[in-house]
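1. coordinates for the following, if possible.
(6 chains)
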4 protein chains.
Amino acid sequence: MATIDPAKAERRRQIVTAAKQVFADAGYHATSITAIIERAQIARGTFYLYFASKAAVFDSILDQAMTDLRARIRRVEVEPGAPPPQQQLREQVIATLEYFIRDRPLAVLLLAAERTPDAEAAERLDQFFGEVRGMIARALETGMELGLVRKCHPELVAAAMLGAIRGIIDLVVAQRDPPPVEELVGELMMVALRGVLA
Amino acid sequence: MATIDPAKAERRRQIVTAAKQVFADAGYHATSITAIIERAQIARGTFYLYFASKAAVFDSILDQAMTDLRARIRRVEVEPGAPPPQQQLREQVIATLEYFIRDRPLAVLLLAAERTPDAEAAERLDQFFGEVRGMIARALETGMELGLVRKCHPELVAAAMLGAIRGIIDLVVAQRDPPPVEELVGELMMVALRGVLA
Amino acid sequence: MATIDPAKAERRRQIVTAAKQVFADAGYHATSITAIIERAQIARGTFYLYFASKAAVFDSILDQAMTDLRARIRRVEVEPGAPPPQQQLREQVIATLEYFIRDRPLAVLLLAAERTPDAEAAERLDQFFGEVRGMIARALETGMELGLVRKCHPELVAAAMLGAIRGIIDLVVAQRDPPPVEELVGELMMVALRGVLA
Amino acid sequence: MATIDPAKAERRRQIVTAAKQVFADAGYHATSITAIIERAQIARGTFYLYFASKAAVFDSILDQAMTDLRARIRRVEVEPGAPPPQQQLREQVIATLEYFIRDRPLAVLLLAAERTPDAEAAERLDQFFGEVRGMIARALETGMELGLVRKCHPELVAAAMLGAIRGIIDLVVAQRDPPPVEELVGELMMVALRGVLA
DNA sequence: AATGAATGAGGGTTCATTCAT
DNA sequence: CATGAATGAACCCTCATTCAT
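-> Take a look at the predicted model:
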């Protein structure tokens, strides 16, 4: 009984999927339980069998996304024998962009989630983005120590770079036929590393 | 009828100011008419004398912001006798950042515009950011023609650069004591122009 | 403005009256706001303009009743020159019974209110009945000191006497044409004072 | 089919016991089927195998209580050779009080029966209390005929006396350590028979 | 022009009951 | 028989909007 019932897990997924779409369409507040259950094709009560509240689904989606993304993003290693840092970076950015491109509603939801339902979730989200920014800043610092990166204000530059990634995702998510990930990553890294001057 | 009654205009401003603060504090959906009229010190019915709905004030605020920003951002001129392009750019970015820093409620509101109340407003917002992106892309193209900018995909790079600006604004708006604008702009332009490599 | 608007007061009374009837008919929990507003012929929102919640009306009714009753019940005075104790008692019991007979829904509601919505209200009610029982007990003690009342356990006897009053009210409230108050009080006091033995 | 399956009967008892406790704790409306089945350690559907509805269990409990009490209360016999009426009375009151004291949940439930779930049950309850009052009234009439009881209005006095018993039970049920039944009955009968005058 | 009492659709949530397994 | 996932009517409450004053 404590084992996971596949049917229940499937139901849960069904609800999460529906909720993700509706949240992405309308935002957290404008999303009604009615809209979710209609999309999920379930009865009102069934929703509450799987989630305690509207906020609970939202949190669940957010947490899942953050977990997934954390698994894709890790500290760049500079030990001897490790792959070249630029390659490591490139792979992570590719993985991240692919994650967003694959699940468009989730991307919309996550990027527009600044204003989340409960303060707790908002804090978790802030913390997550803070983490990512911190990792970028750390990577920049390491790069500076190694003489690979020019002298700069790491936090500020990290904010700009995170924003740049976000900008690309925004663009891609808004388009019907996004350019191939390789091209996106190529441009992104070129700008980040060398800027736009000739 | 179409003549501007100064008293009415003042009342309108009073409402807009109140609404801006409340929207920024709580977000569109969490903001109640009650909160707005309490802050504006007016009666319930009076609000509807000046605005047709809650969405209407929100739209009005958004439009005003977009108008203000449009006035700050203009095509970079390359005619002989014009100031050097980099200086034009720097001045515009400074003006933009200052605008956001000066009116924090408006910045929060514009950037975190969650899901906008009506589809129409959302579209106007999208269109505005699209315009800005277009101007950046156009500037990049001009730069490429002049041999100042390396070969790149202008739309993509423009998206990244707009995102970078946004990233900086996000960071700044979240902080109590933001760094001086000069420093922000310095870092931002260095990254954009030269990247981070040593 | 701080003066009481008669129209609003009337509305409030209208709601209280409706609520009292419905509560009496169905009990607190089984009473729906819908039932109250239908009886009061008002819109849903109007109810909440006058009362913060279902519990609030209920509490208001209870408090009003307790205030009214407290005004009718007072310590029996035994100072020289005061009316004879039995007459004082009789007058108070008459006043109390008349109060219940006049407002039948309130009587039903108050007597069946053991299980009230919130613990706080239940406590206030308990306290009220405790007060009344205490006054009866005190009166018995005074009577014992004066040699008017035989030796007995005052709290126990007070509980029995309060119960007896309640029993009479129950009977009266259930009947269409209750006997005249004088008769009720006569029998009640005879039993209480002399019992039923010949 | 109509034969009693001991296993089923046991299950039924198990549910009734659980329900009685939960109803007494929380009252009819505040009691959820969930609470009952958790206490009874059965599945949701099983409950409905034994009872048609929540009201049905409640009714069943009420009926059982009334049956039990009816068995304890009987007409006072005045035939030659019967025990003295006062002794008969005392024994019945003792039995009644003991019944309530022994099964406190049931007492709470029966006395505080707020508004009963269905009109039918409410009527049965009214009828039951009516019966008891009738028996007391009959006893009083018999007493009057025999010259044991002074002239009085039997129904009114019966209501007062039933109320007095209820008052005592209320008091006792609310207390943790009730006084011994003998004391309760002693006071109760003294008041009823002789009143409180010295 | 200004007011604020009144409105009622719609919100999130609960829970008695059913029924396929 | 027993189970518990599923159901949906009904609950209390909020709040954008209207309109008589």
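2. and the longest helix for chain A?
-> helix A:119-145 (DSSP state H).
3. just checking, A:Leu148 touches A:Pro85?
-> Yes: counting by CB atoms under 8 Å, A:Leu148 touches A:Pro85, with 7.3 Å between them. Placement of C-beta: from N, CA and C, glycine included.
4. quick revisit: helix or strand next in line after the longest helix of chain A, which one?
-> Sequence-wise, the next helix or strand downstream of helix A:119-145 (DSSP states H and E) is helix A:154-174.
5. mind saving the C-alpha coords of the helix or strand just after that following helix as PDB?
-> Per DSSP H and E, helix A:154-174 leads on to helix A:181-194 as the next helix or strand towards the C-terminus. The C-alpha trace of helix A:181-194 is given here as PDB (Å, rounded to 0.1, in the frame of the first residue of the first chain):
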ATOM      1  CA  VAL A 181      19.200  25.000 -29.600                       C
ATOM      2  CA  GLU A 182      22.800  24.900 -31.000                       C
ATOM      3  CA  GLU A 183      22.300  28.200 -32.600                       C
ATOM      4  CA  LEU A 184      20.800  29.800 -29.500                       C
ATOM      5  CA  VAL A 185      23.600  28.500 -27.300                       C
ATOM      6  CA  GLY A 186      26.100  29.600 -29.800                       C
ATOM      7  CA  GLU A 187      25.000  33.200 -29.900                       C
ATOM      8  CA  LEU A 188      24.400  33.300 -26.200                       C
ATOM      9  CA  MET A 189      27.900  32.200 -25.400                       C
ATOM     10  CA  MET A 190      29.500  34.400 -28.000                       C
ATOM     11  CA  VAL A 191      27.800  37.400 -26.500                       C
ATOM     12  CA  ALA A 192      28.600  36.400 -23.000                       C
ATOM     13  CA  LEU A 193      32.200  35.600 -23.700                       C
ATOM     14  CA  ARG A 194      33.200  38.100 -26.300                       C
END
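6. what comes up buried for helix A:181-194?
-> By neighbour count with 16 or more other CB atoms under 10 Å in any protein chain shown, helix A:181-194 contains the buried residues A:Val181, A:Leu184, A:Val185, A:Gly186, A:Glu187, A:Leu188, A:Met190, A:Val191, A:Ala192, A:Leu193.
7. mind putting those residues into CSV with distance to chain D?
-> What follows is those, written out as CSV (distance: CB to the nearest CB, whole Å):
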residue, distance to chain D
A:Val181, 50
A:Leu184, 52
A:Val185, 53
A:Gly186, 58
A:Glu187, 57
A:Leu188, 54
A:Met190, 61
A:Val191, 58
A:Ala192, 56
A:Leu193, 60
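8. of these, which is the nearest to DNA strand F?
-> A:Val181 (37.2 Å; CB to the nearest atom of the strand).
9. wait, that closest one touches A:Glu98, no?
-> Yes: A:Val181 lies in contact with A:Glu98 (CB under 8 Å); the separation is 5.8 Å.
10. so which pair among the buried residues of helix A:181-194 is furthest apart in space?
-> Distance extremes for the buried residues of helix A:181-194: the farthest pair is A:Val181 and A:Leu193 at 17.6 Å, using CB to CB.
11. related to what we said a few turns ago, which strands or helices does the longest helix of chain A pack on?
-> helix A:54-72, helix A:85-102, helix A:154-174 (3 or more CB pairs under 8 Å, 6 or more residues apart in numbering or on different chains; DSSP states H and E).
12. just give me the neighbour total for A:Arg133.
-> 22 (other CB atoms under 10 Å in any protein chain shown).
13. now the closest residue to it other than its chain neighbours: how far from D:Ala159?
-> Nearest residue to A:Arg133, sequence neighbours excluded (CB to CB, 6 or more residues apart in numbering or on different chains): A:Ala158, at 4.7 Å. Separation of A:Ala158 from D:Ala159 (CB to CB, to the nearest Å): 83 Å.
14. these two: who's more crowded?
-> D:Ala159 (27 against 23).
15. picking up where we left off before, redo the helices and strands packed on helix A:119-145 as JSON lines? Include distance to B:Ile61 and mean pLDDT.
-> Below are the helices and strands packed on helix A:119-145 laid out as JSON lines (distance: least, CB to CB, whole Å; pLDDT from 0 to 100):
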{"stretch": "helix A:54-72", "distance to B:Ile61": "26", "mean pLDDT": "92"}
{"stretch": "helix A:85-102", "distance to B:Ile61": "30", "mean pLDDT": "90"}
{"stretch": "helix A:154-174", "distance to B:Ile61": "22", "mean pLDDT": "93"}
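16. of the ones you listed, which is nearest C:Arg13?
-> helix A:54-72 (38.7 Å).
17. helices and strands around the closest one, which ones?
-> The helices and strands touching helix A:54-72, judged by 3+ CB pairs under 8 Å, 6+ apart, are helix A:6-26, helix A:33-40, helix A:85-102, helix A:104-111, helix A:119-145.
18. contacts (any at all) between DNA strand F and it?
-> No: Helix A:54-72 lies out of reach of DNA strand F by CB under 7 Å from any atom of the strand, never closer than 13.8 Å.
19. show me what that helix is in contact with.
-> Contacts of helix A:54-72 with the rest of the structure, by CB atoms under 8 Å, 6 or more residues apart in numbering or on different chains, involve A:15-16, A:19-20, A:23, A:28, A:31, A:33, A:36, A:51, A:92, A:95-96, A:99, A:106, A:109-110, A:113, A:116-118, A:121, A:124-125, A:128, A:131-132.
20. the same query, at a cut-off of 7 Å, please.
-> Identification of contacts with helix A:54-72 by CB atoms under 7 Å, 6 or more residues apart in numbering or on different chains yields A:15-16, A:19-20, A:23, A:28, A:33, A:51, A:92, A:95-96, A:99, A:106, A:109-110, A:113, A:117-118, A:121, A:124-125, A:128.
21. buried subset of the residues you listed?
-> Buried subset of these (neighbour count, 16+ other CB under 10 Å): A:15-16, A:19-20, A:23, A:28, A:33, A:51, A:92, A:96, A:99, A:106, A:109-110, A:113, A:117, A:121, A:125, A:128.
22. show me the subset of these that also lies near DNA strand E.
-> Among these, proximity to DNA strand E is found for A:Ile33 (CB under 7 Å from any atom of the strand).
23. for chain A, which spans come out with low pLDDT?
-> Within chain A, the ranges that satisfy pLDDT under 70 run A:1-3, A:114-117.
24. go again using 90 as the cut-off
-> A:1-7, A:25-30, A:70, A:72-82, A:84-90, A:92, A:108-129, A:131, A:173-178, A:197-198 (pLDDT under 90).
25. which parts of chain A sit against DNA strand F?
-> Residues of chain A lying near DNA strand F by CB under 7 Å from any atom of the strand: A:1, A:5, A:7-8, A:11, A:42-46, A:48-50.
26. repeat that with 10 Å
-> With CB under 10 Å from any atom of the strand as the criterion, chain A meets DNA strand F at residues A:1, A:5, A:7-8, A:10-12, A:14-15, A:33-34, A:37, A:40-50.
27. of those, buried ones?
-> A:Arg11, A:Arg12, A:Gln14, A:Ile15, A:Ile33, A:Ile37, A:Ala40, A:Ile42, A:Phe47, A:Tyr50.
28. how much space separates the closest residue in space to the first one that isn't next to it in sequence from A:Val16?
-> Ranked by CB to CB, 6+ apart and with sequence neighbours excluded, the top spatial neighbour of A:Arg11 is A:Tyr50, at 6.4 Å. For A:Tyr50, the distance to A:Val16 equals 9 Å [CB to CB].
29. A:Asp59 now?
-> From A:Asp59 over to A:Val16 (counting by CB to CB), the distance is 11 Å.
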